[in-house]
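**Student:** requesting a structural model of the entry that follows:
(3 chains, ligands or ions: 3)
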Amino acid sequence: MPAISLKLNGRSVTAEVEARTLLVELLRERLGLTGTHVGCDTSQCGACTVHVDGRSVKSCTMLAVEADGREVTTIEGLAAADGTLSPVQAAFREHHGLQCGFCTPGMVMSATELVRRNPGAGEREIREWLEGNLCRCTGYHNIVKAVQAAAQTGRG
Amino acid sequence: MAQDGIGAAMKRKEDLRFLTGKGTYVDDINRPGQAWAAFVRSPHAHARIVAVRTEAARKAPGVVAVLTGADLAADKVGILPAGWLIHSKDGSPMVEPGHPALVADKVRHVGDQVAVVVAETRDQAREAAGLVEVEYQELAAAVTVTQAVAPGAPLVHDQAKANTCYDWHLGDKAATDAAFAKAAKVVTLDLVNNRLIPNAMEPRAAIGEFDRATGDLTLWTTSQNPHLIRLLLAAFTLGVPEHKLRVVAPDVGGGFGSKIFHYAEDFTVLWAARKIGRPVKWTNTRSEAFQSDAHGRDHVTHVELALDKDGKFLGLRERTLANMGAYLSQFAPSVPTYLHSTLLAGCYTTPAIYAEVRAVFTNTVPVDAYRGAGRPEASYLLERIVDVAAREMGIDRVEIRRRNFIQPSQFPYQTPVALQYDSGDYGATLDEALKRSDWAGFEKRRAEARGRGKLRGIGISTYVEACGIAPSAVVGALGGRVGLWESAHVRVHPTGTVTLFTGTHSHGQSHETTFAQLIAEKLGIPFDNVEVVHGDTAKSAFAMGTYGSRSLAVGGSAIVQAVDKIVAKGRKIAAHLLEAGEGDVEFRDGKFTVKGTDRSKSFGEVALTAYIPHNYPAGLEPGLEEGAVYDPKNFTFPAGCHVCEVEVDPDTGTVQVVGFTAVDDVGIVINPMIVEGQVHGGVTQGIGQALLEEALYDDTSGQLLSGSFLGYNMPRAADVPSFRVGTKVTACTHNPLGVKGVGEVGAIGSPPAVINAVCDAIGVRHLDMPATPERVWRALRTARKA
Amino acid sequence: MQNFGFQKPRDLAAAVAAAKKAPEGKYLGGGQSLLPVMKLGLAAPSELIALSGLAELKGVRVEGKELVIGAGTTHAEVAASAEVKKAIPALADLAGHIGDPQVRNRGTLGGSLAHDDPSADYPAAVLALGATVVTDRRRIAADAFFQGMFQTALAPDEVITAVRFPLPEKAAYAKFPHPASKFALVGVFVARGAGGVRVAVTGAGPSVHRSAPLEKALAARFAPEALAGVAVPAGGLQNDPFGSAEYRAHLVAVMARRAVAACG
Ligand SMILES: Cc1cc2nc3c(=O)[nH]c(=O)nc-3n(C[C@H](O)[C@H](O)[C@H](O)COP(=O)(O)OP(=O)(O)OC[C@H]3O[C@@H](n4cnc5c(N)ncnc54)[C@H](O)[C@@H]3O)c2cc1C
Ligand code: FES
Ligand code: FES
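**Tutor:** Ligands and ions are numbered 1, 2, ... in the order given. Below you'll find the predicted structure:
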């Protein structure tokens, strides 16, 4: 089995994985990081979104072996060590951008990339950016508000 | 109002764990020694099972067991029951074929479960499932309701003649016929309420565990009502003693009705776990979810409205074919009947109503309650035909509604279709919605859009719905097989903090926050001192769970009753400590005070005394913990007005919702932030139904064409606008909080508002949902040719 | 998903050598088409040869009258590239509307072309711009590259290394997304350049193709009005519940008009 090493939420991790192991399977099943969710099998819902080298990707559509040597951040790695929520996390709480919480980790990871890359993004840009993240609960209204508020702080 | 009590937009207690990836959903749980289950599902809509060959699967790596419908039949278990009995017009009971968790004789829809494979890993289970060889003899399928009732249609169940489950009616036929006979105008409409797939973002999952030493069984499952699942497992499907079975529904990622029901997989993992003596885990894939989660809606309806010359409604007739799918899911029989036709008065004084509903079996996935359950179908047909009537009589759409509204002075209002509305002010929500949506200024916006080559339209719907279905005795008389009360237990700890055990379940509804606010307000203690426990039959007392927007109206009322008992007992203790008569002690802001004095004891002091009863009233039991059960006196009746504005691209038929205003009367509001969030979500599902979503079956093969997110169009962020949401309050008169329910209003009021807007934009009489670009383009082309 | 062997070669020659040794193997680009197909059990290669380590597939540059984009360039990189925005803004715009941001962060130009989904966006650009597909062994003209639904001129072990786009005078892409998948239900790329006017249509038919009636009308006059009354035949177009052939044919005309209008 291929051995891989990656930086996961700031810590070095090595693991032996089957080639077919998806990044999300490595995270959830091998490393116990169950914050990253699986909501579909056709790469469309975005519940599994994580960052690889600072870019949001669908961890259900990436092989774990392809994360070798990369930096991976999951929802568990977003808040500061002392527990302070990231600006996007805090904005989701402030603006009630989550209900059942299932889409939330993916939403937050996706929005975080937007906010970091495009501070000051407007409503239209935010809605288009969230194309790959489905939420069945919130109707997106408060998610958009939250992302807009976080974008105004200019920090992800 | 306390700062963190009723009416405060408190931030949610749930958020911290969800935002940091610390939620615990069923698939996040793994049990020591667990094996994995994978199901073998039918690829055919209708076929006789000739043989099931399991040898190859049994020999595959990691396989622990392969179980089939024959094993199930041999054990005499696993027949999923229906929870509601409907009687036909002629008094005969509905046809009630059981739903076997694994079928042995014939499959009745694509996705029907035939066998289960249990293996060491998920991949092994799935691979071995592919090795189970099922020999089928294909049969012709009845896919749509229209096909199923046609003469000579293939029978889904031999005992259901003409595929009819029941042929039911409601209302006064003679009075309605008389009303039509004297009408100045009769308007008719044929419409389809499109079939939907709930698609909560968390796929269903379950883990069954059996403890050989104690005989205890535990099921972790994605359920909205763990107690109901336990009852059904104990009494019907598995036949185990209820006290030896624990059902846990931890964090659940949305339900919208689809996680109410007792599904085959819940039963099967538990049954298999007992057989192999190891925990068995199963998680649905999204593709399988499309074929195994109960679908929603799917009505084909003919409706007629009789009016006098001034546009007053005289009578209404409905004839509906309701699709049940291949088997009866638990609440399915009640959805097109008591949750639907009983709402046909809507907000109006229509004096005579007659509804006929025929429930039909087809070779499709079972259909059951989905957000709104029966009421969206009612509001849609009503609000559509009212618009058509306005158009055909040349009366303004708002005016015709006003002319027919039940007036505030008329409450309580007895409708001709069984329900008695307790309160409402339909004019108030209408006025507010018109104001907020700038209805008056619309024509200017329409003209401006025309300049940009867009067709702009506006639509309105004024709806009423019924929540918190009750009382139990009435529900029982109508065929319901369960009680519909709710329980609450309030445990005050010695230091005065509180744990609430509720029988409702929160899977997005924010009970941990709302209920804590409620208790904080009633006991005058800090919000942070209240913890809400739900979702575990080992913790909360038996109760009914969460659906039908009942949690606050019914569950919250039970909490109030329990808290009242706490205060009553606390008053006894305080009176003793304060050496005052019980009647002289009042409880306010967390303090028991002797009236007219400054002598008081805090709630915390009283709690401590209850547990350290050194100086204590004689004869009073120590401790401070109370339970209560609330069985409502009536439904609650949320109502409101939704206004939708759309722009249509005439070249492509694309409809964009450019404005949406919802003003709802959901009774007293505990947390406005949460209430608004519920409306946003419901409205988006309604917009989804009106414009995007449709479960599409091939009507010959019975294959589900929209069987994944590649074919089923879920609303995305760019499909909806920011909403204008407001509330107007008339309190519910018969529950202690005055609350009505907010979970479903968004999905009930919005679809007709959207379609009314589309019809207004393109100038057609009617268009079926979903108003896809091609459908709109075709309608425009036909209109242009005409 | 069935297991498979995995290799990540460091250079192009090693990648091709590995592929030659694994007849049931496949190259892995960004995985945004291949992995979904494998997850649904519709493909089960014995070996995946990752292209992500190949420097030869990287880079965006203008060489003379051509824009050259490495096959390993992601959709997001193309969308954000100052070079592309300047040389062929329509291409940056097209790349920025493929799928969603997460797909764009992984999916590559080479993967999209090799996969040749009949509803994919890039093939329309490659065909309309008359681009040349460069592989480890040859150069293939766009007109010869696309050969039908999921069919290209590539040999099984052939790697796309880059695409050379001749700089057009004018070019634009108009896409009508599939309601659920958001691929192109109909996408029309129009370009006017040294080779005259070329119009490529994706989504509507069983594969990306040029539209003779539209090209003829636009060759006469390159303006939206020139398309008024031009009928696009529905025969041979896709006909399914998400769009009838008739509707798709209509959309081809509408999208063509919009693309021409966007050319300014
Ligand atoms: C949710 C979702 C939405 C999408 N929406 C769109 C859309 O709107 N429009 C659109 O056009 N596409 C869309 N796509 C597809 C996407 O653009 C893919 O990225 C692209 O089609 C494949 O590129 P890849 O690098 O990911 O290739 P892979 O998936 O890695 O490979 C695809 C195929 O190409 C082969 N291959 C890869 N690279 C090379 C190479 N350099 N040389 C030779 N062969 C190679 C592989 O062997 C495989 O057969 C979507 C995908 C998803 C998951
Ligand atoms: S799980 Fe749905 S996109 Fe990854
Ligand atoms: S919060 Fe439930 S799916 Fe988004």
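**Student:** how about the helices in the chain?
**Tutor:** Since no chain was named, I'll use chain A. A:23-25, A:87-94, A:104-117, A:123-129, A:141-153 (DSSP state H).
**Student:** ah, I was thinking of chain C
**Tutor:** Under DSSP H, chain C gives helices at C:12-21, C:34-39, C:75-80, C:82-87, C:89-95, C:101-106, C:109-115, C:122-128, C:142-145, C:212-220, C:245-263.
**Student:** put together TSV for these, with mean pLDDT, mean neighbour count and distance to chain B on each row.
**Tutor:** All C-beta atoms are positioned from the backbone trio N, CA, C, and that covers glycine. Listed next are the helices of chain C as TSV, based on pLDDT from 0 to 100; neighbours: other C-beta atoms under 10 Å in any protein chain shown; distance: least, C-beta to the nearest C-beta, whole Å:
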stretch	mean pLDDT	mean neighbour count	distance to chain B
helix C:12-21	97	16	25
helix C:34-39	97	20	9
helix C:75-80	98	22	17
helix C:82-87	98	16	23
helix C:89-95	98	23	17
helix C:101-106	98	26	12
helix C:109-115	98	25	15
helix C:122-128	98	29	18
helix C:142-145	97	17	26
helix C:212-220	96	18	16
helix C:245-263	97	23	5
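**Student:** give me the element the closest residue to residue B:653 other than its chain neighbours is part of.
**Tutor:** Nearest residue to residue B:653 in three dimensions, chain neighbours excluded: residue B:777, at 3.1 Å (C-beta to C-beta, 6 or more residues apart in numbering or on different chains). Assigned by DSSP states H and E, residue B:777 falls within helix B:773-785.
**Student:** can you state the direction angle for that helix and helix C:245-263?
**Tutor:** With axes from the mean of the first three to the mean of the last three C-alpha atoms, to 10 degrees applied, the angle from helix B:773-785 to helix C:245-263 works out at 90 degrees.
**Student:** buried ones in helix B:773-785?
**Tutor:** For helix B:773-785, the neighbour count (16 or more other C-beta atoms under 10 Å in any protein chain shown) marks B:773-780 as buried.
**Student:** so which elements touch it?
**Tutor:** In this structure, helix B:773-785 packs against helix B:745-762, helix C:245-263, with contacts taken as 3 or more C-beta pairs under 8 Å, 6 or more residues apart in numbering or on different chains; DSSP states H and E.
**Student:** for residue B:324, helix, strand, or coil?
**Tutor:** strand (DSSP: H, G, I helix; E, B strand; the rest coil).
**Student:** right, and it touches residue B:366 too?
**Tutor:** Yes: under the criterion of C-beta atoms under 8 Å, residue B:324 makes contact with residue B:366 at 6.8 Å.
**Student:** the residue nearest to residue B:468 when sequence neighbours are not counted in helix, strand or coil?
**Tutor:** The shortest distance from residue B:468 to any non-neighbouring residue, by C-beta to C-beta, 6+ apart, is to residue B:553 (3.8 Å). Counting by three-state DSSP, the backbone at residue B:553 sits in helix.
**Student:** so what's the residue count around residue B:553?
**Tutor:** 30 (other C-beta atoms under 10 Å in any protein chain shown).
**Student:** distance of the nearest residue to residue C:73 once chain neighbours are set aside relative to residue A:44?
**Tutor:** Among residues not flanking residue C:73 along the chain, residue C:109 sits closest, at 5.4 Å (C-beta to C-beta, 6+ apart). Distance, residue C:109 to residue A:44, by C-beta to C-beta, to the nearest Å: 22 Å.
**Student:** which residues does the residue in chain C positioned nearest to ligand 2 contact?
**Tutor:** For chain C and ligand 2, the shortest gap (C-beta to the nearest ligand atom) falls at residue C:102, measuring 7.7 Å. Residues in contact with residue C:102 (C-beta atoms under 8 Å, 6 or more residues apart in numbering or on different chains) are A:46, A:49, A:56-58, A:110, A:132.
**Student:** out of these, list just those in strands.
**Tutor:** A:49, A:56-58 (DSSP state E).
**Student:** widest-spaced pair of the residues you listed?
**Tutor:** A:56 and A:58 (8.3 Å; C-beta to C-beta).
**Student:** list residues touching both of the two?
**Tutor:** A:49, C:102.
**Student:** hang on, isn't residue B:508 packed against residue A:99?
**Tutor:** Yes: with contacts counted by C-beta under 8 Å, residue B:508 reaches residue A:99, the gap being 3.7 Å.
**Student:** common neighbours of the two, please.
**Tutor:** By C-beta under 8 Å, 6+ apart, the residues touching both residue B:508 and residue A:99 are A:137, B:254, B:681.
**Student:** tabulate the residues you listed (CSV), appending neighbour count, distance to ligand 2 and pLDDT.
**Tutor:** Converted to CSV, the shared contacts of residue B:508 and residue A:99 look like this (neighbours: other C-beta atoms under 10 Å in any protein chain shown; distance: C-beta to the nearest ligand atom, whole Å; pLDDT from 0 to 100):
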residue, neighbour count, distance to ligand 2, pLDDT
A:137, 30, 16, 97
B:254, 26, 14, 96
B:681, 27, 19, 97
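**Student:** closest one of these to ligand 3?
**Tutor:** For these, the closest approach to ligand 3 (C-beta to the nearest ligand atom) belongs to residue A:137, at 3.2 Å.
**Student:** which residue packs closest to the closest one, ignoring adjacent ones?
**Tutor:** Per C-beta to C-beta, 6+ apart, closest to residue A:137 is residue A:99, 3.6 Å.
**Student:** anything in stretch C:118-129 near chain A?
**Tutor:** No: shown here: stretch C:118-129 not in contact with chain A (C-beta under 8 Å from any C-beta of the partner chain), separated by at least 14.1 Å.
**Student:** nearest to residue C:172, out of the helices of chain A?
**Tutor:** Going by C-beta to C-beta, the one of those nearest residue C:172 is helix A:123-129, 18.9 Å.
**Student:** give the buried residues for the closest one.
**Tutor:** For helix A:123-129, by 16+ other C-beta under 10 Å, it's A:126-129.
**Student:** does residue C:4 touch residue C:46 like I think?
**Tutor:** Yes: contact status for residue C:4 versus residue C:46: in contact at 5.7 Å, counting by C-beta under 8 Å.
**Student:** between these two, what contacts are shared?
**Tutor:** residue C:25.
**Student:** around ligand 1, pick out the residues from chain A.
**Tutor:** Contacts of chain A with ligand 1, taken as C-beta under 6 Å from any ligand atom, map to A:43-44, A:61.
**Student:** pretty sure residue B:420 is in contact with residue B:414, am I right?
**Tutor:** Yes: Residue B:420 is within contact range of residue B:414, at 4.9 Å (criterion: C-beta under 8 Å).
**Student:** as CSV, the ones in strands among the contacts of residue C:102 with pLDDT and neighbour count would be great.
**Tutor:** Below are the ones in strands among the contacts of residue C:102 laid out as CSV (pLDDT from 0 to 100; neighbours: other C-beta atoms under 10 Å in any protein chain shown):
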residue, pLDDT, neighbour count
A:49, 98, 31
A:56, 98, 30
A:57, 98, 29
A:58, 98, 32
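**Student:** make a markdown table out of those and add distance to ligand 2.
**Tutor:** Shown next, in a markdown table, are these (distance: C-beta to the nearest ligand atom, whole Å):
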| residue | distance to ligand 2 |
| --- | --- |
| A:49 | 7 |
| A:56 | 11 |
| A:57 | 10 |
| A:58 | 4 |
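**Student:** relative to chain A, which residue of chain C is the closest?
**Tutor:** residue C:100 (2.8 Å; C-beta to the nearest C-beta).
**Student:** what's the closest non-adjacent residue to residue B:709?
**Tutor:** residue A:44 (4.2 Å).
**Student:** list the contacts for that neighbour?
**Tutor:** Residues near residue A:44 by C-beta under 8 Å, 6+ apart: A:132, A:134, B:709-710, C:181.
**Student:** what's the distance between it and ligand 2?
**Tutor:** The gap separating residue A:44 from ligand 2 is 5 Å, by C-beta to the nearest ligand atom, to the nearest Å.
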